[in-house]
Every structure is written in structure tokens, then in C-alpha cells.
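> Got a sequence here, can you model it:
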Amino acid sequence: EKLTDEELSYICNLITGKEIKKYFQNNPQKFSKVRPGFRPNGLSERMAVKLVVRCRSEPFILSFLNEQILLLLKEINIQRNNLIKEGKDSESSLLLTLPQTGFSERIDLYFKISEQSYPKEYIELTKSAVQLLLEKQESALSSVVEMDKSTEVGILNEQLSKIKAEWENAENNYIQDIEQLKSAVEEAQHKLDDKERELTKANTKIERLKAELDELNKLEERAVSSGDMLRDDEYQFTSLCKVIYDYDGRLKLSRLSDIENGVILGDYLPDAPVHNKLYTKEKGVPGLEGFVGIWDWKAVPNLSDQSKDYILSVYKDKYIPIEIIIVYDCTSINNLVEKLENGIVGTITARKMIFAYWNDNGMYEGLFCTPSNLHITENSVSLKSNVFSLPYFLLAEKDIFFIDKRYFHRRINIGRPSKIIRIKNPLEIVK
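Residues are numbered from 1 along each chain as shown. The predicted model follows:
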């Protein structure tokens with residue numbers, strides 16, 4: 001880690017300006033390249049320190065600094081190793097050595113140049129411990145008063161013994177503090193590891209939930225819905241009807257089932273008139289025979305014939321029933337896709353449809369389509385070449401209403417699909 005100017009100045013003062021000046025004097029040619037026009041002999045020790053700080057990146061000076069820093073660290077390590085040989089542990093030996101060095105006031109700088117990896121808390125406690133040791137030494141030494149030459153040697157020895165005991169007691173206390181700190185650091189590290197594992201699990205869960213949310217959003221984009229089904233206040237009933245023509249070519253509506261709350265009931269409402277044919281003079285009604293849609297209607301008195309009701313109706317083009325087209329001799333979704341690509345025989349009048357097959361689990365699996373996905377002829381239907389995905393739905397028998405040899409989903413809004421089935425790669429369409 002790079003030293004600041006202030007930190008380097010501190011270290012240079014430990015090396016001493018005298019030693020720096022001596023180095024310059026021993027290398028006059030290299031010095032002249034760093035300080036042209038000057039001689040080492042004319043340089044003060046203070047200026048020598050400043051020159052080293054200012055020109056630290058010069059190889060000539062950099063090599064000197066590295067050598068001197070290593071010597072400082074070596075002296076500390078020698079003292080520390082001597083204490084280790086006497087039976088002290090590594091941390092205690094360092095704690096007892098540092099007060100005797102030039103780094104006693106700059107413990108953080110010692111750890112910085114030694115490149116030893118310790119937690120910040122450990123360094124701060126070491127600084128506090130060294131400071132307390134220094135204060136204890138100063139206090140103990142100050143208690144030794146100057147004795148008159150006639151003072152008995154025994155009194156002095158007693159005083160020195162007391163100082164030594166206090167010193168040893170302080171040493172033991174700080175060694176215990178170091179041990180407690182080490183234990184606290186280990187415990188904190190364990191807690192940190194636990195929190196990191198918890199954080200990793202939480203991040204994994206968040207990523208999984210994001211992926212699930214993204215998938216749900218994609219499915220929601222392909223949801224099949226026309227919004228809440230509302231009936232015009234002017235009308236009493238809503239029914240699923242099929243366009244038919246009578247013998248004289250008049251358009252009529254064959255009432256297949258009544259609808260309540262967006263659900264095809266499969267029957268007529270109990271309080272509704274029993275009319276299976278609804279005549280209509282409404283303009284803009286889809287005129288294709290066999291077309292199935294949704295109409296609001298009501299029965300009003302017929303002024304010309306009191307025995308019959310007069311029917312008023314309105315086509316609800318916003319709400320579209322979903323026809324279920326059963327594809328036989330089909331055993332899988334891939335098989336269904338293949339049949340749709342090759343073409344299926346049949347006449348299609350629906351605006352929304354699900355092509356489905358009966359699977360081995362007693363369910364219908366199907367793909368939702370609209371006429372925009374299909375190439376429709378008079379007698380067949382097939383997927384357009386630019387279709388590369390379709391919504392997939394899983395249907396139970398209770399979801400399906402059967403009438404007049406046709407199948408319809410009982411719900412007008414069937415919501416989001418179970419998944420999206422890839423029909424072909426978009427790159428294939430580009431090609």
C-alpha cells in the first residue's frame with residue numbers, strides 16, 4: 001500500500017537524516033542526477049529527508065528506502081523472536097516489542113509497512129494496549145524517586161521488585177486482552193461468514209423470484225382476456241348465440257346458453273324467457289352462418305301479436321367466446337404443432353380458438369390461436385409461417401361446454417397461459 005508523504009517523512013526520521021545524507025555522500029554521481037548542481041556535503045539533514053520524500057519514485061532513492069525499511073522491520077523481528085524464545089507467544093511478543101521501537105506512537109504505520117493482514121479492530125486494540133503499556137512504564141518509573149546516597153539498598157530493591165511485579169501483572173493482563181480479542185475476532189468472523197451465507201441464499205432466492213416474476217410477466221403479456229364482462233343496463237340477459245338463417249333467408253340467432261359473470265352456464269337462466277331463437281334486425285352483425293358470438297338481449301311486448309314477445313338484441317363484439325377444436329390422432333404438443341403446420345381439415349368461423357388434444361392424464365392440452373396466426377381456407381386451416389410461439393393451456397373436462405357438435409371454453413376470460421410453446425426459432429423466419 002502506498003505511503004503518504006507524512007508517513008514516509010516519519011519513517012525517514014527513524015532512518016535519520018544523517019544516515020540519508022551519508023548515503024548521498026557515498027553515491028555522488030547518482031545523487032547529482034536527482035539533484036543537479038548540488039553536492040551532498042552541502043545538504044542539511046532536514047533537506048535530505050525532504051528530498052527523499054519528494055523523489056521517492058527515483059530508483060536510486062526507492063532502493064535505499066526499501067533496504068532501510070527492511071532493516072527497521074528486521075530489528076523489531078529480532079526483539080520479538082527473542083521474547084518468543086523466552087516462552088512468550090507471537091502476539092504477546094509483538095505487543096511487548098513495539099513500545100521499545102520507533103513505531104510506538106505509529107502502530108498503524110508499522111502494520112502498513114510490514115504488510116501483515118490483521119483486522120482493523122485488532123490494530124486499534126494493539127495501539128491502545130501499547131499506549132497503556134507506555135503509560136504504565138512511565139508511571140512505574142516515575143515512582144522511583146531519587147534516593148539520598150545514604151538510602152539503604154534494600155529499600156531500592158523493594159521498590160524495584162514492586163515495579164517489576166506491576167509490570168508483569170500489566171503484561172499478563174494485556175496478554176489476556178489479546179487472547180480475548182482473538183476470540184472475539186474469530187467469533188465475529190464466524191458471524192460474518194454466517195451472514196454472508198445467508199446473504200448468498202437471499203440473493204439466490206431473489207434471483208429465482210425475479211426469474212419467476214419475469215416469466216409471469218411474459219405469460220401475463222399473452223393472457224387471454226377481454227376485461228370484466230359488463231351487460232348494457234338496457235338489456236336483461238346475455239347469451240351465447242350462433243348465427244343461422246331460416247327458410248326465407250332471414251338472419252336469426254340460435255340461443256346456445258346464457259352467460260353470467262363471464263361464465264357460459266350451459267343452460268338458460270331460470271328466470272329468463274324460454275326462447276331458443278332470437279330474431280334480430282341489428283345492423284353490423286357478423287353474417288357468416290355458423291358464427292358463434294355473444295349478445296345482450298331482452299324480450300318486450302309485441303304490439304302486433306300479444307301472444308309473442310318482441311326480441312331486442314345487441315352484439316357484444318368486445319367479448320369473444322373461445323372455441324375448443326379437438327385434434328384427434330394426436331399424442332403430444334409437438335405432434336399437435338406438426339399437424340397445425342401441415343394443415344387440419346375443417347371450417348373455422350371462430351375469432352378465438354384453442355386447438356387441443358386429449359392426453360394420457362385425462363386432460364386437454366392446447367394452443368391458443370386467433371385468425372391472425374392462421375391461414376384459413378374454406379375447408380382447412382394451418383399455421384402461418386411467421387408464427388414462432390403460441391400460448392399453452394391445460395384444460396379439464398369441466399372447463400369445456402359442448403353443444404351442437406362444437407366445444408367452447410366456459411370462461412370468456414381464461415387468463416394467462418401455463419407456458420409459451422416455441423414453434424420455431426425467430427431466425428428461421430428471417431431466413
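> drop to CA atoms for contacts and neighbour counts, all remaining ones
Will do.
> And what about the residue nearest to the spatial centre of the chain, helix, strand or coil?
Centroid-nearest residue in the chain, with CA atoms, centre = their mean: Glu207, separated by 4.7 Å. Secondary structure state of Glu207, per DSSP: H, G, I helix; E, B strand; the rest coil, is helix.
> what do you get for Leu253?
strand.
> How about Asn413?
Applying three-state DSSP: Asn413 is coil.
> Nearest residue to it in space, please, no chain neighbours.
Ser225 (4.4 Å; CA to CA, 6 or more residues apart in numbering).
> re the thing from before, list the residues that contact the residue nearest to the centre of the chain.
Listed by CA atoms under 8 Å, 6 or more residues apart in numbering, Glu207 has no contact partners.
> measure it to Ser418 for me?
When distance is defined by CA to CA, to the nearest Å, Glu207 is 21 Å away from Ser418.
> and what of Leu70?
If you go by CA to CA, the gap between Leu70 and Ser418 works out to 70 Å.
> count of neighbours near the closest residue to Asn261 other than its chain neighbours?
Closest residue to Asn261 apart from its sequence neighbours, by CA to CA, 6+ apart: Met229 at 6.5 Å. Look at Met229: counted by other CA atoms under 10 Å, it has 18 neighbours.
> Met229 contacts Gly262, correct?
Yes - between Met229 and Gly262 a contact is recorded at 5.6 Å, counting by CA atoms under 8 Å.
> any weak-confidence spans in the stretch 1-150 of the chain?
1, 139-150 (pLDDT under 70).
> what ranges do the helices span in it?
5-15, 17-26, 28-34, 45-54, 59-85, 90-97, 107-114, 120-142 (DSSP state H, counting those that start in this stretch).
> buried stuff in the second one?
I take that to be helix 17-26. Gly17, Glu19, Ile20, Lys21, Tyr23, Phe24, Gln25 (16 or more other CA atoms under 10 Å).
> ok, the fifth one to Val285 distance?
Look at Tyr23 and Val285: by CA to CA, they are 107 Å apart.
> residues in contact with the residue nearest to Asn413?
Ile412, Asn413, Ile414, Gly415.
> Go through these and say which is closest to Ser114.
Gly415 (67.2 Å; CA to CA).
> since we're on the closest one, how many residues are nearby?
16.
> again with Pro99
The number of residues packed near Pro99 is 20, by other CA under 10 Å.
> For it, which non-adjacent residue is spatially closest?
In space, and not counting its chain neighbours, Pro99 is closest to Val130: 6.0 Å by CA to CA, 6+ apart.
> dump the residue contacts of that neighbour.
So Val130 contacts Leu95, Leu96, Leu98, Pro99, Ser104 (CA under 8 Å, 6+ apart).
> isn't the third one right up against Ile76?
This points to Leu98. Yes - between Leu98 and Ile76 there is a contact at 7.5 Å, judged by CA under 8 Å.
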